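> missing the sequence, but the structure's below:
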DNA sequence: TATTATTATCTCATATTCGAGATAATTTAA
DNA sequence: TTAAATTATCTCGAATATGAGATAATAATA
């Protein structure tokens, strides 16, 4: 039952994702956003109005953290809460005009950053990477 | 300048690593360790006596966080600090007997967990994944 | 209808992380 | 030798994350 080298794919996967995370974090600091805040805005930017829970499920943070981050973004006027008329337990959130304007600025730079980090792969390689990662993800 | 699908390799990489992280976190909770604590113990288990800074460099957390996590582990008797005789600014840390015993228990299960998560890849696929991830990592 | 279970959000206490600055020791250079 | 720069660690405060429990509403079932 000898082990090759402490599972190199695992180490590289974790190192690479951590490095990418750091890079994005650094970039977002310029916009005075944490990654969590950015992730919330990104979901709303792409999907429009969502419930707090929908957003939380997308970015996988706890309900306590959601309340906190939504509070922060609301205080800064980047998004707004609105009660749901059908179900009074539910609260919707949407980007404000300011929030949308901010995202119009940020998103192109963000896409560019991400694409840059992956443009060492040609489209075949990208496709292979996708397939391999899917295999791994389905086993986790 | 159309974008295919918001960079699928990126999304999958981040999703997969996050899922793996969660899985390990969950596993470590059973041992009453956070991932950071485990990472510190792992470095000491594999490399033996290290300075606080060496450990911090390995696991990439700040010196403030190092002090905190080393304090916690020292209080639980899993590791010990010893002054360095050559350089009095430096502090060494090593696993205690208890710490080593704990790691003797944990590590086989940890290796098994990690190997399980990646055993859907055959050795060719693992090699390809390594190469692709290296390409990406070098561009980050 | 009344009861129970589930769901969504919020509140609060606690834990973790970081960054800035403090302290203390060592090294380098004048 | 003295002064300045660097290094290693620690302290402290702020920001962020979590989990448990509270609250309130809805849905399911007897």
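Here it is on my side, so go on. Note that the coordinates shown come from a computational prediction; the quantities given were computed from them, not determined experimentally.

> Could I get the full set of strands for chain A?
Ranges of strands in chain A, per DSSP state E, are A:50-51, A:79-83, A:91-95.

> if you compare these, which one is most tucked away?
Most buried of the strands of chain A, by mean neighbour count (mean count of other C-beta atoms under 10 Å in any protein chain shown): strand A:91-95, with a mean of 18. Where C-beta positions appear, they are placed from N, C-alpha and C, glycine not excepted.

> Can that strand be said to contact DNA strand D?
No: residues of strand A:91-95 are not located near DNA strand D by C-beta under 7 Å from any atom of the strand, the shortest gap being 11.3 Å.

> which residues touch that strand?
Contact with strand A:91-95 is made by A:41, A:44-45, A:48-52, A:55, A:70, A:78-84, A:103, as judged by C-beta atoms under 8 Å, 6 or more residues apart in numbering or on different chains.

> ok, which of the residues you listed also contact chain B?
When contact is defined as C-beta under 8 Å from any C-beta of the partner chain, the contacts of strand A:91-95 do not meet chain B at all.

> Please list the residues of chain A that sit near DNA strand D.
Proximity of chain A to DNA strand D is confined to A:34-37, A:61-65, A:68-69, A:72, A:87-89 under the rule C-beta under 7 Å from any atom of the strand.

> May I ask which two of those residues are separated the most?
Greatest spatial distance among the residues of chain A next to DNA strand D (C-beta to C-beta): A:35 and A:88, at 31.8 Å.

> More neighbours: those two, which one.
residue A:35 (16 against 8; other C-beta atoms under 10 Å in any protein chain shown).

> which ones are touching the residue minimising distance to the centre of chain A?
The centroid of chain A falls nearest to residue A:39 when counting by C-alpha atoms, centre = their mean (3.8 Å). Contacts for residue A:39 were tallied using C-beta under 8 Å, 6+ apart; they are A:58, A:59.

> Look up how far residue A:103 lies from it.
Distance of residue A:39 to residue A:103, given as C-beta to C-beta, to the nearest Å: 12 Å.

> And for residue A:87?
27 Å.

> These two: which has the busier surroundings?
residue A:103 (20 against 9).

> Give the closest residue to that one in space, chain neighbours not counted.
Computed as C-beta to C-beta, 6 or more residues apart in numbering or on different chains, the closest residue to residue A:103 that is not its neighbour in sequence is residue A:45, at 4.4 Å.

> Isn't that neighbour up against residue A:96?
No: at 11.7 Å, residue A:45 does not count as touching residue A:96 under the criterion of C-beta atoms under 8 Å.

> Look up the pLDDT of residue A:6 for me, please.
Here, the pLDDT recorded for residue A:6 equals 65.

> Likewise for residue A:2?
43.

> Count the neighbours of the residue of chain A found nearest DNA strand D for me.
Per C-beta to the nearest atom of the strand, residue A:64 is where chain A lies closest to DNA strand D, at 2.4 Å. Counted with other C-beta under 10 Å, residues neighbouring residue A:64 total 9.

> Return the per-residue confidence for the residue of chain A found nearest chain B.
For chain A and chain B, the shortest gap (C-beta to the nearest C-beta) falls at residue A:17, measuring 3.5 Å. pLDDT recorded at residue A:17 is 94.

> residues contacting it?
When contacts are counted by C-beta under 8 Å, 6+ apart, residue A:17 touches B:13, B:14, B:16, B:17, B:18.

> how about residue A:96, phi and psi?
The phi and psi torsions at residue A:96 (degrees, to the nearest 10) take the values phi -80, psi 180.

> what residues are up against it?
Residue A:96 touches A:77, A:78, A:79, A:80, counting by C-beta under 8 Å, 6+ apart.

> Just send those back as CSV, with distance to residue A:29 and pLDDT too.
Below are these laid out as CSV (distance: C-beta to C-beta, whole Å; pLDDT from 0 to 100):
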residue, distance to residue A:29, pLDDT
A:77, 20, 95
A:78, 16, 96
A:79, 20, 96
A:80, 25, 96
